[in-house]
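In: make a model of this:
(one chain, ligands or ions: 1)
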Amino acid sequence: MAVQSTLRHSASEDILVAFINKYTKLFRDRLRKTSRRSKLFAAILLAASIILSAEGGRRWWNRRRQEKEQGRKLVRTNSWVFNKDGSRTIYVPYKDGTSKVVINRTKPLTFEAHRRLFLNPPKVSGLGDGTVPSAQTKPGLNLAFLHQFLSLMSIMIPRWTSKEAGLLISHGAFLMLRTYLSLVVARLDGEIVRDLVAGNGRLFLWGIAKWCGLGGFASYTNSMIKFLESKVSIAFRTRLTRYIHDLYLNDNLNYYKLSNLDGGVGQGADQFITQDLTLFCASAANLYSSLGKPFIDLCVFNYQLYRSLGPLALTGLMSNYFLTASILRKMSPPFGKLKAVEGRKEGDFRSLHARLIANAEEVAFYGGAEMEKTFLNKEFKSLKSWMEGIYLLKIRYNILEDFILKYSWSAYGYLLSSLPVFLPAWGGLGGAMEMADSAEKGGRERNRMKDFITNKRLMLSLADAGGRMMYSIKDLSELAGYTSRVYTLISTLHRVHANAYFPRPSGNELYSLSDVQGTIQKGFDGVRFEHVPIVAPGLWPQGGEELLESLSMIIRRGEHLLISGPNGVGKSAIARVLAGLWPVYRGLVSRPKSIGQDGIMFLPQRPYLSVGTLRDQVIYPDGELDMRLKRKSEEELKRVLDAAKLGYLPDREGGWDTRKEWKDVLSGGEKQRVGIARLLYHEPQYAVIDEGTSAVSSDVEGLLYETCKERGITLITISTRASLKKYHTFNLILGMGENGDEWEFERIGTEREKMQVERELQELRERLSQVEQWKQRREEIEKELAQVWVEGDAPLDPPPYVENTAEPEPEKDEA
Ligand SMILES: Nc1ncnc2c1ncn2[C@@H]1O[C@H](COP(=O)(O)OP(=O)(O)OP(=O)(O)O)[C@@H](O)[C@H]1O
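Out: Model (predicted):
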């Protein structure tokens, strides 16, 4: 043996040497024959390519190093880079270094192309006339589901060359491989049993060895299928989440309008984006293996069984499927609808909890735990009883499903496997072999055994595939529920984004979203309202409520405006219309183009503090990178904080990079002053301050106003404090007239205003003198009352509350 192997070794070496010699000789011959000019040219070419590739390599290396450094810096500051085409580059920590990830923003053109799918579904899908929320269609296995699912698919797999398509193809390839392996395993199983029965030890052992090898490969295939399924699910989720985020958070303020104006998805999109989307993607990725794989299995195994068991068995199998499918479909509860409602109820319960967390301090001050618990328990009870109902429906369905798929199918399988034995003429290949083998008794029995084992295994796999196919009816209806939820969210977002509100056949309600006829002009150096009704909008399709019939005024640079009036009259509403949160139903609104620097900035009534560092609070909505791009430094931020009387904050909180839950850390007045600091950092040309200093002491308030004015910011203040008048040029007073729906716009400090103030003072004095008269009268009444408390003829003690005013008691005097 050893001699043989040495011989084999030296022979292979000789072949290798001969091969090398042959080609070296060929090369030398060619070189000898080549002209000197060609040699020179080739040498130059070689040198140039070496130099160029070295230079290329050097540049590539430098670029990588720079990228790594930049990435590390950006990862440290938790920031990102905006590219010219609207995409973003972020650097994420990866192993020892950083990894560059480019996030492409969804293009406006893509949204426009998709609008047709989400807002004008084909009539045949039964999803309404395009303006009605799709949620009105009951989720289930129907054409609407098909349309919804395919529409979402066009987002999840945008191109055939995309990563998701690649993942699906490899997933499919592994699924087919597993089907093929199942076939091989079935055949091998039969062979092993045959060899065992025949007592052929060598073949039997060889069969076992093949079995183990196949097992290893099959395990790898199974794990890859699971892995690829998770990859498909996360890839779908990434695509959909990015798409929804791009549609949800953009300049059109869709995140505000979605719940405040449209209301198509209830109180908010959080449950839709976080939970329903995840379930949808997992379910869609699973569908591919739970429906695609059994389908392939069914085709392949049916064909195999047809070959070995004949046409009768196949007809039997097919009719069995159709019968089972129709029974299960008939008996199946509407899982899609049930799941959709469950999702909504889960969302309501969750949002109540989120609400409690957000308002924990207020609830604690009121001691409202019991009340909150009642609300939460009520919501949970509703969710619980719904889910119990689903479980009850499911158990009935599961009993039926289990019995049909597991037991009646296997009995049927035995019957079909026996066809070649008892009815050889109808039994396909198996039957033919049965007839051919009939001459040799022992061989026939062994082959019968082998065929039976193979067919039984095929039948088991077939039953498994068929079972999974039937189970997936339930999965499919659950998927229909999730699909409907995600589709509803995206179509509502498209409607908000495209402002696609059209008059309804029942008529157009006044001040509904389809009745918006006003214009908003951006790019005006000032703030102007021309015949604009201020309307609190109702949720689509309801009409809004008119707060002011028609407002007209103009404010130019340097003219400061105070908007005053009683509570709830519509002061903040004017700011909402100006900011574009609420529609301009009629007339014209003009305002500066941009929000923030060189434009207009709004400080809302409730101060908002973002997540992030102390620096992020002052520069919000800028990020640190924007601040660096604007060439602003921490010293400047410190000056801004000093001006807002918050200079102590960085020291107290431990520096600019401190991260805290700022809404809990800062006091009410401090929160408002952070708002003023933001204003001073951004230095806009116009600022709308809605009760922005109501919690600040009046001396600091004055200073803040003066600082803002010194920086050249034109102020529009919304406040009920008359003391703020002195910092403003004009006053818009709301809530005038008998019904409180009239307004006045006047210059502060005019003769007319002085007279008005005098008149008010006079009125006050008159009222004060009346108060004196009332006091006297009250004393008289109380004296009289003290005398009235008699029982029979004897006077009684006066009640305790007149004790102080009553005259000294006679008994005491006598004593
Ligand atoms: N998102 C909303 N949707 C519908 N109506 C609203 C909405 N927000 C406020 N309103 C209504 O609009 C009216 C005006 O509210 P607004 O906030 O403008 O009052 P305000 O004058 O600023 O009061 P305050 O001085 O208390 O801040 C109120 O009657 C209120 O109920």
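In: list the residues that contact the residue of the stretch 401-550 of the chain at minimum distance from the ligand.
Out: Among all residues of the stretch 401-550 of the chain, residue 536 sits closest to the ligand, at 3.4 Å; criterion: Cβ to the nearest ligand atom. No exception for glycine: its C-beta is placed from N, CA and C like everyone else's. Listed by Cβ atoms under 8 Å, 6 or more residues apart in numbering, the contact set of residue 536 reads 544-545, 547, 570, 573, 582.
In: among these, which lie within helices?
Out: Judged by DSSP state H, those include residue 573 as members of helices.
In: tell me which of the contacts of residue 536 fall in strands.
Out: Mapping the contacts of residue 536 onto strands (DSSP state E) picks out 545, 547.
In: could you dump the contacts of residue 536 into a markdown table and include neighbour count and pLDDT?
Out: Output for the contacts of residue 536, formatted as a markdown table (neighbours: other Cβ atoms under 10 Å; pLDDT from 0 to 100):
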| residue | neighbour count | pLDDT |
| --- | --- | --- |
| 544 | 23 | 91 |
| 545 | 11 | 91 |
| 547 | 21 | 92 |
| 570 | 24 | 92 |
| 573 | 21 | 95 |
| 582 | 22 | 95 |
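In: closest one of the contacts of residue 536 to residue 669?
Out: Distance ranking of those against residue 669, using Cβ to Cβ, places residue 573 first at 25.5 Å.
In: just give the nearest non-adjacent residue to that closest one, would you?
Out: Leaving aside its chain neighbours, residue 573 sits nearest to residue 534 (5.0 Å; criterion: Cβ to Cβ, 6 or more residues apart in numbering).
In: if we can go back for a sec, need phi/psi at the residue of the stretch 401-550 of the chain closest to the ligand.
Out: The phi/psi pair for residue 536 (degrees, to the nearest 10) reads phi -80, psi 110.
In: quick check, pLDDT for it.
Out: Per-residue pLDDT puts residue 536 at 93.
In: the one helix or strand the residue nearest to residue 573 maps to: which residues count as buried?
Out: Assigned by DSSP states H and E, residue 534 falls within strand 526-536. Going by neighbour count (16 or more other Cβ atoms under 10 Å), the buried part of strand 526-536 is 526-530, 532-535.
In: then stretch 270-286?
Out: Quick answer for stretch 270-286 (16+ other Cβ under 10 Å): 271-273, 275-286.
In: what's the burial count for the closest residue to the ligand within the stretch 301-450 of the chain?
Out: The stretch 301-450 of the chain approaches the ligand most closely through residue 355 (16.3 Å), counting by Cβ to the nearest ligand atom. Neighbour count for residue 355, taken as other Cβ atoms under 10 Å: 15.
In: pretty sure it sits in a helix.
Out: Yes - counting by DSSP: H, G, I helix; E, B strand; the rest coil, residue 355 falls inside a helix.
In: wait, what's in contact with it?
Out: Residue 355 touches nothing, counting by Cβ under 8 Å, 6+ apart.
In: give me the contacts around stretch 457-476.
Out: By Cβ under 8 Å, 6+ apart, stretch 457-476 touches 141, 182-183, 185-186, 189-190, 283, 286-287, 290-291, 293-295, 297-298, 301-302, 304-305, 308, 317, 321, 324-325, 328-329, 332, 335, 397, 401, 404-406, 409-410, 413, 416-417.
In: next SSE downstream of the longest helix along the chain?
Out: Ranked by residue count under DSSP H, the longest helix found in the chain is helix 441-498. Remark: after helix 441-498, the chain's next helix or strand is strand 519-522, criterion DSSP H and E.
In: now do that following strand, average pLDDT.
Out: Mean predicted confidence for strand 519-522 is 93.
In: again with stretch 49-62
Out: For stretch 49-62, mean pLDDT is 93.
In: again, but for stretch 266-284
Out: Averaging pLDDT along stretch 266-284 gives 88.
In: quick one: distance of stretch 551-565 to the chain centre.
Out: 39 Å (Cα atoms, centre = their mean, to the nearest Å).
In: give me phi/psi at residue 621?
Out: Backbone torsions for residue 621, taken as degrees, to the nearest 10, come to phi -90, psi 20.
In: that one contacts residue 596, doesn't it?
Out: Yes - between residue 621 and residue 596 there is a contact under Cβ atoms under 8 Å: 7.3 Å.
In: look at the two and report which has more neighbours.
Out: It is residue 596, of residue 621 and residue 596, that has more neighbours when counted by other Cβ under 10 Å, with 16 against 13.
In: nearest residue to that one other than its sequence neighbours?
Out: Nearest to residue 596 is residue 682, by Cβ to Cβ, 6+ apart, at 5.2 Å.
In: can I assume that neighbour is in contact with residue 600?
Out: No - between residue 682 and residue 600 there is no contact, the gap being 10.4 Å when judged by Cβ under 8 Å.
In: the strand holding residue 534: partners in the sheet, and parallel or antiparallel?
Out: On the basis of DSSP bridges, the sheet neighbours of strand 526-536 come out as strand 545-556 (antiparallel), strand 588-591 (antiparallel).
In: winner for burial among the ones you listed?
Out: Greatest average neighbour count among the strands paired with strand 526-536 goes to strand 588-591 (a mean of 20), per mean count of other Cβ atoms under 10 Å.
In: can you name the residues that contact the residue nearest the centre of the chain?
Out: Ranked by distance to the mean C-alpha position of the chain (Cα atoms, centre = their mean), the top residue is residue 273 at 2.8 Å. Residues in contact with residue 273 (Cβ under 8 Å, 6+ apart) are 241, 244-245, 248, 489.
In: ChimeraX command for the buried members of the residues you listed?
Out: This is the ChimeraX syntax for the buried subset of the contacts of residue 273, where burial follows 16+ other Cβ under 10 Å:
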select :241,244,248,489
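In: go through the contacts of residue 273 and say which is closest to the ligand.
Out: Among these, residue 248 lies closest to the ligand (Cβ to the nearest ligand atom), at 18.3 Å.
In: you'd agree the closest one is up against residue 254?
Out: Yes - in this structure, residue 248 is within contact of residue 254 by Cβ under 8 Å, at 5.5 Å.
In: thinking again about what came up before, the residue nearest to the centre of the chain and residue 262: what is the separation?
Out: 16 Å (Cβ to Cβ, to the nearest Å).
In: ok so, going back, need the overlap of contacts for residue 248 and residue 254.
Out: Joint contacts of residue 248 and residue 254 (Cβ under 8 Å, 6+ apart) are residue 493.
In: and the contacts of stretch 457-476, which are buried?
Out: Using 16+ other Cβ under 10 Å as the burial test, the contacts of stretch 457-476 include 141, 182-183, 185-186, 189-190, 283, 286-287, 290-291, 293-295, 297-298, 301-302, 304-305, 308, 317, 321, 324, 328, 332, 335, 397, 401, 404-405, 409, 413, 416-417 as buried.
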